[in-house]
Each structure stands twice: as structure tokens, then as C-alpha cells.
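Peer 1: fold the following and give me the result.
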Amino acid sequence: PIGFSLDSIPVFTQAGDKTYKITASWDQHSDALVVNNGRMEIQIKKSTDSIWRDFPPVDGAATETDLFQASLGTLYDVKIRAVNSLGVPS
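Peer 2: Numbers count the residues shown, from 1 in each chain. Here you go, the predicted model:
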């Protein structure tokens with residue numbers, strides 16, 4: 001995937017606390033086998049952790065998704081790959 005970026009959007013809880021929603025976006029994939037019945041696989045971890053967590057797969061035609069709510073002052077690592085309808089990853 002190209003054009004991958006992350007944005008943080010402030011969100012207020014019912015108690016009035018401020019947290020941040022992390023949204024990922026990317027350019028539409030150029031491979032028709034990804035766009036038609038493929039998927040995007042995203043993994044997330046805190047920068048200090050060693051274990052990656054799998055995010056639920058996203059439809060290959062999508063160009064964005066909400067990932068998680070982040071803690072202020074915490075660094076995260078995020079990676080993404082395309083998987084085509086034949087199961088072949090990028």
C-alpha cells in the first residue's frame with residue numbers, strides 16, 4: 001500500500017476526559033485482486049512492546065479505517081500489507 005498515513009482525532013468520553021482515536025488511510029490499491037475480494041491486514045503495537053496485535057482485516061477496496069483509541073504521550077508502531085483474493089500478501 002502507498003500513501004499510508006495516520007491521524008489522531010480528539011474524542012471526549014462521557015466523563016469529559018479527552019482521548020484520541022487513531023485513523024489510518026492509504027491510496028486505493030492498484031491491484032484488482034486486492035480491490036476485488038482482497039483485504040488489508042494491519043498490525044499495531046506500542047513502540048515499547050515486542051508483540052504485534054492483529055487488527056481485524058479491512059476490505060481491499062477500502063482506503064481508511066479507525067484503528068484504536070490511543071493514550072496521550074504513548075508512541076505506537078503500525079504496519080499494513082495488502083493480501084489479494086488468492087491469499088498472496090504484498
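
Peer 1: what is the lowest-mean-pLDDT helix or strand in the chain packed up against?
Peer 2: Ranking every helix and strand in the chain by mean pLDDT, DSSP states H and E puts strand 64-70 at the bottom, with a mean of 88. In terms of contacts (3 or more CB pairs under 8 Å, 6 or more residues apart in numbering; DSSP states H and E), strand 64-70 is packed against strand 5-12, strand 18-25, strand 39-46, strand 53-59. All C-beta spots, glycine's among them, are computed from the backbone N, C-alpha and C.

Peer 1: next up, the contacts around Pro57.
Peer 2: Applying CB atoms under 8 Å, 6 or more residues apart in numbering, we find Pro57 in contact with Arg39, Met40, Glu41, Val83.

Peer 1: the same query, at a cut-off of 6 Å, please.
Peer 2: Arg39, Glu41 (CB atoms under 6 Å, 6 or more residues apart in numbering).

Peer 1: then Ser85?
Peer 2: With CB under 6 Å, 6+ apart, Ser85 has these contacts: Leu33, Asn37, Gly38.

Peer 1: gap between it and Asn37?
Peer 2: 4 Å (CB to CB, to the nearest Å).

Peer 1: circling back: out of the contacts of Ser85, which is most surrounded?
Peer 2: Gly38 (23 neighbours; other CB atoms under 10 Å).

Peer 1: quick check on that residue: phi, psi?
Peer 2: Main-chain torsions, Gly38, degrees, to the nearest 10: phi -90, psi -170.
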